[in-house]
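**Student:** need a 3D model of the following:
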Amino acid sequence: MSTRQVSDSNEPFIESRAELVAPMQKGEKPRGRWRIGTEHEKLVYRKADHRAPSYEEPGGIRDLLLGLEEFGWEPVLEGGNVIAMSGSDGAISLEPAGQLELSGAPLENLHETCAETGRHLAQVKTVGDRLGLGYLGLGLWPDKTRAELPIMPKGRYEIMLRHMPRVGTMGLDMMLRTCTIQTNLDYSSEADMVQKFRVSLALQPLATALFANSPFLEGQPNGYQSYRSHIWTDTDPARTGMLDFVFEDGFGYDRYVDYMLDVPMYFVYRDGKYIDASGQSFRDFLKGELPALPGELPVASDWTDHLSTAFPEVRLKSFLEMRGADGGPWSSICALPALWVGLLYDQTALDAAWDLVKGWDMDGRERLRAEVPRLGLNAPLPDSFNGGGGTLRDIAAQVLDIARAGLSARGRLNAAGDNETGYLVPLDEIVARGKSPSESLLDLYNGAWGKDLSKVYEAKSF
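**Tutor:** Numbering: from 1, shown residues only. Presented below is the predicted three-dimensional model:
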């Protein structure tokens, strides 16, 4: 989640609807300036006993962050606490229970993305080895109850932790127990954004299936391939889901603004502190009638903050965020942006992907989203696809072929002369095996591990 690093003082008030549309319009870039931003989270644990370390304890999360100063990272403070680190590779921040996230820099190609990931992992492992900490590449804590997990000292998390139980049964699980990989991609125009949004939203369940990596909960199989994805189905219906309106005629920036105005607020940031505005309306804020700040009007950074508090499967800010994948190993961190860059950054590939999904009906898309956490690649495709029938497995290889062609057409080579298609190989192997990462983990659990889940720490640590 976002980390505030700038002041909110001396900003002009929002005076027109055009200012609400502006962040999305300002995101438009010519193809030559399109970049790739990759975010990935890791579960941090004590090597000695697999316990989740607190923020304050010696050798805990605060010391981990500060240990990264030796690599040139600089602390970001909130209320006197170090809550993030800033550097040339982006930002390293904390999720609510101490999950460690790299929000990578905007990069030109996937070779740079994978190299950035390698640098980050090497750095945090160096500090972790010194502190006795390890990092687990899964989408969900496999063996921890909520009560066993610490809370990080970030103001927005205090507000969200209070609010989540009011609006869903699994919001606290989302905050405390999950990890994800995301990629952030650009668009050239409103029409380009619309096509990319529709393709990526329709195919987001395929990403969930290919990267499903959260089959355990509190020490036992949980019956899902992506329990992380299942958690989102009852986190907060006002700010999650498949966004039917994206597929309606006339969709564009203005319609997304309407959606965001209907999303209830979480907070307002003033004078370095988060003020609880949970459940209140940004529409009222625009009229100076926000109960949390009566008489005050919002500024641009308030709207930017608010845009970061919706959690649909694909999110629009000044770029598009792909949000469907579980956390996983280094290969997955490279493979996720490869999938979406291949599909969205070459026009021929984008058109081919749209041709594949444009006939899907909304009921079918919703059913696919509902079934994929449990069934993975066996989730049923919309009945409107090829006359009905079929599963995600039936189109997975075809989608990867489209992505591969898109990456090949980009022609971005590394020093060895290799293009970007190699980063799709882990996904090709998943499709060839017919098993998601979760299914492979369950095979180990029921076989070689003898149902001893502690072995996941050795198998799935970075």
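**Student:** next, the buried residues of stretch 433-452.
**Tutor:** Of the residues in stretch 433-452, 435-439, 441-442, 445, 449 count as buried by neighbour count, 16 or more other C-beta atoms under 10 Å. Heads up, the C-betas are built off the backbone N, CA and C, glycines and all.
**Student:** how long is it from one end to the other?
**Tutor:** 24 Å (C-alpha to C-alpha, to the nearest Å).
**Student:** quick one: residues in contact with it.
**Tutor:** 209-216, 221, 224-226, 326, 328, 332, 376-377, 393, 430, 453, 455-456, 459-460 (C-beta atoms under 8 Å, 6 or more residues apart in numbering).
**Student:** buried subset of those residues as a PyMOL selection?
**Tutor:** Selection command for PyMOL covering only the buried members of the contacts of stretch 433-452, criterion 16+ other C-beta under 10 Å:
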select buried, resi 209+210+211+212+213+214+215+216+221+224+225+226+326+328+332+376+377+393+430+453+456+460
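**Student:** which of the contacts of stretch 433-452 fall in helices?
**Tutor:** 209-210, 332, 393, 430, 456, 459-460 (DSSP state H).
**Student:** re the thing from before, farthest pair in the buried residues of stretch 433-452?
**Tutor:** Farthest apart among those by C-beta to C-beta are S436 and W449. That separation is 17.6 Å.
**Student:** helix, strand, or coil at A338?
**Tutor:** helix (DSSP: H, G, I helix; E, B strand; the rest coil).
**Student:** residues in contact with it?
**Tutor:** 110, 403, 407, 420-421, 423-424, 427.
**Student:** my guess is R177 meets G139, correct?
**Tutor:** No: here R177 does not reach G139: they are 9.3 Å apart, not a contact under C-beta atoms under 8 Å.
**Student:** of those two, which one has the most company?
**Tutor:** Shown here are R177 and G139; by other C-beta atoms under 10 Å, G139 has more neighbours (32 against 28).
**Student:** what pLDDT does the closest residue to the more buried one other than its chain neighbours get?
**Tutor:** Closest residue to G139 apart from its sequence neighbours, by C-beta to C-beta, 6 or more residues apart in numbering: D326 at 2.7 Å. Note on D326: pLDDT of 98.
**Student:** just G288 next, same as before
**Tutor:** 97.
**Student:** what's the neighbour count on it?
**Tutor:** 13.
**Student:** quick one: it and P294, what's the gap?
**Tutor:** From G288 across to P294, the span is 8 Å (C-beta to C-beta, to the nearest Å).
**Student:** and what of I14?
**Tutor:** The value you get for I14 to P294, if C-beta to C-beta is used, is 17 Å.
**Student:** could you find the closest non-adjacent residue to the residue of the chain most remote from its centre?
**Tutor:** Relative to the mean C-alpha coordinate of the chain, counting by C-alpha atoms, centre = their mean, the farthest residue is G295 (35.1 Å). Leaving out its chain neighbours, the residue that sits closest to G295 by C-beta to C-beta, 6+ apart is G288, at 5.5 Å.
**Student:** my guess is that neighbour contacts I14. True?
**Tutor:** No: applying C-beta under 8 Å, one finds G288 not in contact with I14, separated by 11.0 Å.
**Student:** who touches both of these two?
**Tutor:** With C-beta under 8 Å, 6+ apart as the test, G288 and I14 both reach L297.
**Student:** follow-up on the earlier one: pLDDT score assigned to the residue farthest from the centre of the chain?
**Tutor:** For G295, the predicted pLDDT is 97.
**Student:** that one and G279, how far apart?
**Tutor:** As for G295, its distance to G279 is 19 Å (criterion: C-beta to C-beta).
**Student:** again, but for L43
**Tutor:** From L43 to G279 the distance is 30 Å (C-beta to C-beta).
**Student:** ok, these two, which is more surrounded?
**Tutor:** Just comparing L43 and G279: by other C-beta under 10 Å the higher neighbour count belongs to L43, 28 against 14.
**Student:** ok, and the closest non-adjacent residue to the more buried one?
**Tutor:** Closest residue to L43 apart from its sequence neighbours, by C-beta to C-beta, 6+ apart: L136 at 4.0 Å.
**Student:** so the one you found touches S454, yeah?
**Tutor:** No: in terms of C-beta under 8 Å, L136 does not count as a neighbour of S454; the distance is 11.7 Å.
**Student:** the two - which one has more neighbours?
**Tutor:** In terms of neighbours (other C-beta under 10 Å), L136 is the more surrounded of L136 and S454; the figures are 21 against 11.
**Student:** who's in contact with G288?
**Tutor:** Neighbours of G288 in contact, by C-beta under 8 Å, 6+ apart: 294-297.
**Student:** would you list the buried entries among these?
**Tutor:** By 16+ other C-beta under 10 Å, these give L297 as buried.
**Student:** can you list the contacts of G288 in CSV and add distance to L261?
**Tutor:** Shown next, in CSV, are the contacts of G288 (distance: C-beta to C-beta, whole Å):
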residue, distance to L261
P294, 19
G295, 20
E296, 17
L297, 15
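**Student:** out of the contacts of G288, who's nearest V246?
**Tutor:** L297 (29.5 Å).
**Student:** and the closest residue to the closest one other than its chain neighbours, what does it touch?
**Tutor:** Distance criterion C-beta to C-beta, 6+ apart; nearest residue to L297, sequence neighbours excluded, is F13 at 4.2 Å. Remark: with contacts taken as C-beta under 8 Å, 6+ apart, F13 is in contact with 297-299.
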